[in-house]
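Visitor: Next input, structure requested:
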Amino acid sequence: MMNRKPELDTNTRSTIDAILKESGDRYSAGDLKGSLDAALKAWSLIPDPKNRWDYYPQSLSAGFVQDYTDLNDKANVEKWVAIMAEMYDDPNHEDHLVLMTEGEAMFKLGDMQRAYYIFARIYELYGSKGFAGEQLAYLEFYQKEKVARGE
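Guide: Next up is the predicted model:
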């Protein structure tokens, strides 16, 4: 069984939650950049090393990958994919959430070569069960691409 990481203290969690509420409100209002700026402020309140804490580092880093994908900012997506893997203690990129978040981002950004590689890794580790719901489209992409490549 995996040991849980310690939680941030109550005051820090409350401050971060308030900032994240503001971030969510901005997002709902269509202000993705303002939402992201607020979330980055929340990130800055997590004490270093950030990967030693439970929940916020994992949740926020995965969210940043999605936000930067929505902003079509591939350089920041790549930066936050690496940070997300670190926050999830996943140096070998084997965690399903880490892989799927990255694969989905690359697919949406149009980097089909990298998306294919990541979906192949998911398939290798998890089989077709690694794709469910909306993710079935990525399994279909992977399978069609694999045939097209003659692999």
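
Visitor: Now do the residue nearest the centre of the chain against Val98, distance only.
Guide: Closest to where the C-alpha atoms of the chain average out (Cα atoms, centre = their mean) is Ala62, at 2.7 Å. Distance of Ala62 to Val98, given as Cβ to Cβ, to the nearest Å: 8 Å. All C-beta spots, glycine's among them, are computed from the backbone N, C-alpha and C.

Visitor: follow-up on the earlier one: show me the contacts for the residue nearest to the centre of the chain.
Guide: 84, 97-98, 101 (Cβ atoms under 8 Å, 6 or more residues apart in numbering).

Visitor: likewise Phe141?
Guide: Here Phe141 is in contact with 107, 112, 115-116, 119 (Cβ under 8 Å, 6+ apart).

Visitor: Give me the common contacts of Ala62 and Val98.
Guide: Met84.

Visitor: which other residues reach the longest helix seen in the chain?
Guide: For the chain, the longest helix by residue count, based on DSSP state H, is helix 10-28. Helix 10-28 is contacted by residues 7-8, 32, 34-36, 38-39, 41-42, 45-47, 56 when judged by Cβ under 8 Å, 6+ apart.
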